[in-house]
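*Asks:* Dropping the sequence and predicted coords here.
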Amino acid sequence: MRLLVIEDDQYLRKRLTQELGQAGYAVDSADNGPEGELLGDQFPYDLIVLDLGLPGKNGIDVLTAWRARGNHTPVIILTARDQWREKVDGFSAGADDYLAKPFHMAELIARLGALVRRSQGQTQGPLTAGDIVLDEATQQVTVAGESHRLTGVEFRLLRYFMLNPGRLLSKAQIDEHVYDLDATKESNVIEVYIRRLRQKVGKERIQTRRGQGYMFQAPTP
Ligand code: CA
């Protein structure tokens with residue numbers, strides 16, 4: 001899952017980038033409205049964390065512009081404490097959720113997880129596909145009752161597959177959702193990760209479509 005953080009407070013932006021990275025997201029960030037808006041238009045983010053008070057262009061205007069252009073990426077806005085007006089404006093502009101500052105990082109991570117699942121039509125509990133259960137808190141996968149630890153990239157990759165069962169995903173799409181802007185991309189690296197992931201979840205679950213990409217098959221219960 002790839003996530004965009006738009007926050008001008010340098011300390012908070014760094015903390016968000018670091019902690020959301022540890023929570024298994026590939027994170028890009030911007031410290032002002034116009035740059036954040038551009039990134040949101042350019043890359044297929046799965047989630048956006050948007051501060052409202054931003055230099056250059058405020059968060060409400062950025063969000064309004066995205067929605068007007070048909071960008072429906074789930075957005076959680078960060079509002080000032082006790083500013084009920086900001087929440088109302090945020091929801092009218094198309095926000096999916098909000099969090100008032102100061103907030104606990106664990107709450108943000110939980111809300112982001114819920115937003116991802118809601119946007120993919122899965123409403124509660126850990127992410128599951130047949131007998132595969134992905135625990136987002138511990139980044140472990142359980143396959144037919146047997147647990148495996150996942151590296152950061154393996155976790156992001158498997159979550160992306162599990163949220164898109166039966167869908168043909170090109171290597172470019174996978175790259176975009178698994179890596180952030182700073183990551184060094186090597187064209188054959190995804191194949192290496194897929195090979196390792198297959199060893200953990202079962203070879204038949206991730207099919208190669210030659211020249212086209214990969215498809216995750218949810219096992220039938
Ligand atoms: Ca701010």
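*Replies:* Thanks, I have it. Numbering: from 1, shown residues only.
*Asks:* For this structure, what lies in contact range of the ion?
*Replies:* 8, 51, 53 (C-beta under 5 Å from the ion). Using the backbone N, CA and C atoms, a C-beta is placed for each residue, glycine as well.
*Asks:* how about a cut-off of 8 Å?
*Replies:* Taking C-beta under 8 Å from the ion as the criterion, the chain approaches the ion at residues 7, 8, 9, 51, 52, 53, 54, 78.
*Asks:* What is the nearest of these to the ion?
*Replies:* residue 53 (3.7 Å; C-beta to the ion).
*Asks:* surely residue 131 meets residue 144?
*Replies:* Yes: using C-beta atoms under 8 Å, residue 131 makes contact with residue 144 at a distance of 4.7 Å.
*Asks:* Those two - which one has more neighbours?
*Replies:* Neighbours around residue 131 and residue 144, counted as other C-beta atoms under 10 Å, are more numerous at residue 131. The numbers are 16 against 11.
*Asks:* Who are the contact partners of the more buried one?
*Replies:* 143, 144, 145, 219, 221 (C-beta atoms under 8 Å, 6 or more residues apart in numbering).
*Asks:* Now do whichever helix in the chain runs longest: which elements does it pack against?
*Replies:* Identified as the longest helix of the chain according to DSSP state H is helix 105-119. Contacting helix 105-119 under the criterion 3 or more C-beta pairs under 8 Å, 6 or more residues apart in numbering; DSSP states H and E are the following elements: helix 10-22, strand 47-51, strand 75-79, strand 97-100.
*Asks:* C-terminal to the third one, what's the next element?
*Replies:* This points to strand 75-79. Beyond strand 75-79 in the direction of the C-terminus, DSSP states H and E gives the next helix or strand as helix 84-93.
*Asks:* What of the first one?
*Replies:* Scanning the chain past helix 10-22 towards its C-terminal end, the next helix or strand to appear is strand 26-30 (assignment: DSSP H and E).
*Asks:* contacts for that next one?
*Replies:* Contacting residues not belonging to strand 26-30 are listed as 1-7, 13, 16-17, 20-21, 36, 39, 43, 45, 156, 177-181, 183 [C-beta under 8 Å, 6+ apart].
*Asks:* May I have it as PDB, with CA atoms only?
*Replies:* Extracted C-alpha coordinates of strand 26-30, given in PDB (Å, rounded to 0.1, in the frame of the first residue of the first chain):
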ATOM      1  CA  ALA A  26       5.300   2.900   1.300                       C
ATOM      2  CA  VAL A  27       5.200   6.600   2.300                       C
ATOM      3  CA  ASP A  28       5.700   9.800   0.200                       C
ATOM      4  CA  SER A  29       5.400  13.200   1.700                       C
ATOM      5  CA  ALA A  30       4.900  16.900   0.900                       C
END
